[in-house]
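Asks: A predicted structure for the sequence below; I have some questions about it.
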Amino acid sequence: HLAESGGGLVQAGGSVRLSCAYSGSTNNLYAMAWFRQTAGKEREFVELITLDGNYLYYGDSVKGRFAISRDNAEKKLYLQMNTLKPEGTAVYYCAARGTGQLFFASEYQYWGQGTQVTVSS
């Protein structure tokens, strides 16, 4: 079970931190990621981190502005978003999967309900 929180309305140039609390066994999980989606578009990969912390991958559109982190003891995943742009307005989803393809939403087995982030210009 995954549950996001922390979304809301923020001005362009501002910052917001999203959280994702996950419960249950993580024995079969390899990576957790953030995706985002706007109306009529497919879910876009934002960032991912492996649960062992060895690998981080960033989408080109957020590189240098967003940072993913995780706290395995607390079972929480975070997304710190800085220098937000209006095109960052979307529903942000937390996702988790075992080993395999890591950059495609269709490959993730577990999803949260999403949290809306709206960036005003």
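Replies: Here it is on my side, so go on.

Asks: the strands in this protein, which residues?
Replies: 2-5, 8-11, 16-22, 31-37, 44-50, 56-58, 66-71, 76-81, 90-97, 110-111, 115-120 (DSSP state E).

Asks: Please convert those to CSV, extending it with distance to Phe103 and mean pLDDT.
Replies: C-beta: built from backbone N, CA, C; applies to glycine. Formatted as CSV, these follow (distance: least, C-beta to C-beta, whole Å; pLDDT from 0 to 100):
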stretch, distance to Phe103, mean pLDDT
strand 2-5, 18, 96
strand 8-11, 26, 97
strand 16-22, 18, 97
strand 31-37, 8, 96
strand 44-50, 5, 95
strand 56-58, 7, 93
strand 66-71, 14, 94
strand 76-81, 16, 96
strand 90-97, 11, 97
strand 110-111, 15, 95
strand 115-120, 21, 98
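
Asks: Which one of those strands lies nearest to Phe104?
Replies: When these are compared by C-beta to C-beta, strand 44-50 sits nearest Phe104, at 7.5 Å.

Asks: what's that closest one packed up against?
Replies: strand 31-37, strand 56-58, strand 66-71, strand 76-81 (3 or more C-beta pairs under 8 Å, 6 or more residues apart in numbering; DSSP states H and E).

Asks: what's the angle from that strand to strand 76-81?
Replies: Strand 44-50 and strand 76-81 are oriented at 130 degrees to each other (axes from the mean of the first three to the mean of the last three C-alpha atoms, to 10 degrees).

Asks: List the contacts of strand 44-50.
Replies: 30-37, 55-59, 61-62, 66-70, 77, 79, 90, 92, 102-105 (C-beta atoms under 8 Å, 6 or more residues apart in numbering).
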